[in-house]
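A.B. asks: Return a 3D structure for these sequence lines:
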Amino acid sequence: MSLSDRIKNNHLLWRAGFGPAVEQLGDLSHFSSNEIYKALVKASKKSPELLNEAQGTLDGLVLGVSDLGKMQLSELNADQRKAYQKKLREGVRNLNLAWMREMVNSSAQLREKMSLFWHGHFACRNLNVFYQQGLINTIRENALGSFRDMLHEVSKSAAMLNFLNNQQNKKDHPNENFAREVMELFTLGRGNYTEKDIKESARAFTGWTANFGGDFVFRKGQHDFGSKTFLGKTGNFDGDEILDIILEQKQAARFISQKIYKYFVNENSSDTEKTEWLADRFYRNDYDISKLMEDIFTSDWFYEEKNIGTRIKSPVELLVGIQRMLPMELENEEVLIVLQRILDQMLFYPPNVAGWPGGRTWIDSSTLMMRMRIPQLINDSDELNVKPKSDDDVMMGRKDADVAAEKKKGMKGVPKRQQIYATIDWNAYLKNFEKISREDLIGEISKTLLQSKSETGNDTIRKYADESSRESFIKTATIQIMSTPEYQLC
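C.D. replies: Numbers count the residues shown, from 1 in each chain. Below you'll find the model as predicted:
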């Protein structure tokens with residue numbers, strides 16, 4: 001069965017971005033998927049505007065950036081340390097929201113979606129906003145470029161070096177954590193190297209560290225300059241040479257291609273024939289990410305029915321996609337962070353070094369019900385009376401403040417920052433249905449919002465929709481359809 005351009009383009013925009021923006025709905029039936037993809041690539045070619053929330057964390061502090069680069073946290077007095085750590089937590093919060101705004105509003109959807117993928121691949125949890133900002137900007141700059149370049153830059157980032165304890169990796173006392181994770185999680189996958197390879201490569205990464213301000217520092221006095229044997233090669237290797245030897249292994253291209261296939265094509269299937277073809281081309285193209293993604297998004301098999309509407313949206317994809325379809329002003333933007341916490345995908349706070357597992361792990365009885373409530377909460381400005389999991393890192397130091405606020409307010413409500421105050425601009429959305437007859441509205445809205453073939457239950461939607469006017473019917477039917485299990489899929 002031949003699929004319409006509309007279905008293909010909706011599929012493409014959800015997989016290569018965060019779903020269609022309301023302004024794009026009219027284009028979905030008038031352009032081919034290849035034309036839409038070319039537009040996505042063109043919009044993502046320009047270098048990204050770097051996120052710059054870390055600079056604001058210095059406001060009110062005695063120290064300047066240049067001073068931070070020369071000092072250690074232990075050298076600050078108690079008041080300076082407390083103020084600095086508070087600023088860092090606020091900075092990570094602001095960085096989170098700034099990146100979400102980019103995902104919602106940027107025309108460079110392909111770059112931001114690839115950045116979200118790499119954010120999970122190079123998973124890193126660090127309370128230092130300087131480190132986190134440096135890492136995410138590195139990822140966004142390289143998201144569609146060379147995996148080789150990105151691997152080298154990420155491996156030298158202060159965030160990753162500190163998260164994986166490489167500041168403790170010194171001559172005569174090597175720490176193997178960084179070297180192990182580079183191979184297991186970033187490049188080769190478990191079982192494709194030996195314990196000796198880990199030990200020898202750890203020696204090559206000795207002396208790799210970063211200063212307080214986030215700049216890479218190579219400490220020669222801590223580096224092991226001796227001969228090392230790694231993946232069958234022997235020499236006086238340093239860290240950069242180890243990374244290049246890893247990328248000489250076709251297994252690295254295979255590992256990345258398989259992971260990207262599961263994320264962007266079908267999380268429930270590993271098509272060996274297709275992933276081997278992708279890996280071969282990725283390897284021969286010297287790890288050019290843009291060419292790999294072109295191979296995927298311009299292939300006929302990407303648009304096979306078995307790949308459409310089968311992927312569970314991650315919490316970030318869900319939240320961003322709703323905002324792209326229904327443009328809104330959020331009076332209380334921090335509620336997006338609360339929702340991330342409740343739904344178990346907090347930007348910059350992966351559960352561990354392996355990142356978010358995704359797939360069916362996004363859904364359980366509580367998160368599914370919460371996901372289906374979100375459109376209603378946004379439209380009704382209701383209270384978000386669900387208590388997020390207690391994790392003071394993820395709560396950015398606000399755990400005590402939350403407890404105090406709840407005690408002050410009692411059991412009847414939640415702190416104000418956990419309420420949703422959204423003003424939706426419906427105008428552009430409503431225009432898409434001006435020529436649709438009243439009896440066909442639910443079907444047309446469903447085709448606009450859903451990719452699953454499952455029936456949404458038109459009678460149920462109609463039962464709970466407001467039929468007092470055509471406009472009210474469209475609005476309420478839209479919210480009802482967004483509140484179905486089918487809307488959780490893309």
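
A.B. asks: Any buried residues in the helix or strand encompassing Phe282, and which?
C.D. replies: Using DSSP states H and E, Phe282 maps to helix 272-284. Buried residues in helix 272-284, counted by 16 or more other Cβ atoms under 10 Å: Lys274, Thr275, Leu278, Ala279, Arg281, Phe282, Tyr283. Using the backbone N, CA and C atoms, a C-beta is placed for each residue, glycine as well.

A.B. asks: and stretch 426-441, what's its mean pLDDT?
C.D. replies: If you average the pLDDT over stretch 426-441, you get 97.

A.B. asks: how far does that stretch stretch from start to finish?
C.D. replies: Start-to-end span of stretch 426-441 (Cα to Cα, to the nearest Å) is 16 Å.

A.B. asks: Next: stretch 239-258.
C.D. replies: Stretch 239-258 stretches 26 Å from its first residue to its last (Cα to Cα).

A.B. asks: Run the chain-centre distance for it.
C.D. replies: For stretch 239-258, the separation from the chain centroid amounts to 23 Å (computed by Cα atoms, centre = their mean, to the nearest Å).

A.B. asks: From the contact counts, what lies against the helix holding Phe282?
C.D. replies: Applying 3 or more Cβ pairs under 8 Å, 6 or more residues apart in numbering; DSSP states H and E, one finds that helix 272-284 makes contact with helix 250-264, helix 289-297.

A.B. asks: And the contacts of the last one?
C.D. replies: Put plainly, it is helix 289-297. Residues outside helix 289-297 that contact it (Cβ atoms under 8 Å, 6 or more residues apart in numbering) are 12, 15-16, 33, 37, 41, 110, 114, 142-147, 150, 257, 260-261, 264-265, 278, 281-282, 285, 302.

A.B. asks: now swap in the first one and tell me
C.D. replies: Residues external to helix 250-264 that are found in contact with it (Cβ under 8 Å, 6+ apart): 15-16, 117, 121, 147, 187-189, 192, 246, 269-271, 274-276, 278-280, 282-283, 287, 292-293, 296-297, 358.

A.B. asks: If we use 7 Å, what do you get?
C.D. replies: With contact meaning Cβ atoms under 7 Å, 6 or more residues apart in numbering, helix 250-264 is reached by 15, 117, 121, 147, 187-189, 192, 246, 270, 274-275, 278-279, 282-283, 287, 292, 296.

A.B. asks: how much space is there between the residue nearest to Ala354 when sequence neighbours are not counted and Phe163?
C.D. replies: Distances taken as Cβ to Cβ, 6 or more residues apart in numbering put Leu185 closest to Ala354, at 6.0 Å, once the chain neighbours are dropped. Look at Leu185 and Phe163: by Cβ to Cβ, to the nearest Å, they are 12 Å apart.

A.B. asks: what does Arg219 give?
C.D. replies: Noted for Arg219: a distance of 18 Å to Phe163, by Cβ to Cβ.

A.B. asks: and if you look at Arg311?
C.D. replies: As judged by Cβ to Cβ, Arg311 and Phe163 stand 28 Å apart.

A.B. asks: picking that back up, what about the residue nearest to Ala354, neighbour count?
C.D. replies: Counted with other Cβ atoms under 10 Å, residues neighbouring Leu185 total 20.

A.B. asks: Next, the buried residues of the longest helix seen in the chain.
C.D. replies: In the chain, taking DSSP state H as the definition, the longest helix is helix 78-105. Applying a neighbour-count criterion of 16+ other Cβ under 10 Å, one finds 83-84, 87-97, 99-104 buried in helix 78-105.

A.B. asks: That one: how far from the chain's middle?
C.D. replies: Computed by Cα atoms, centre = their mean, the separation of helix 78-105 from the middle of its chain amounts to 17 Å.

A.B. asks: and what of stretch 265-285?
C.D. replies: In this view, stretch 265-285 has its centroid 22 Å away from the chain centroid, taken as Cα atoms, centre = their mean.

A.B. asks: All set, thanks.
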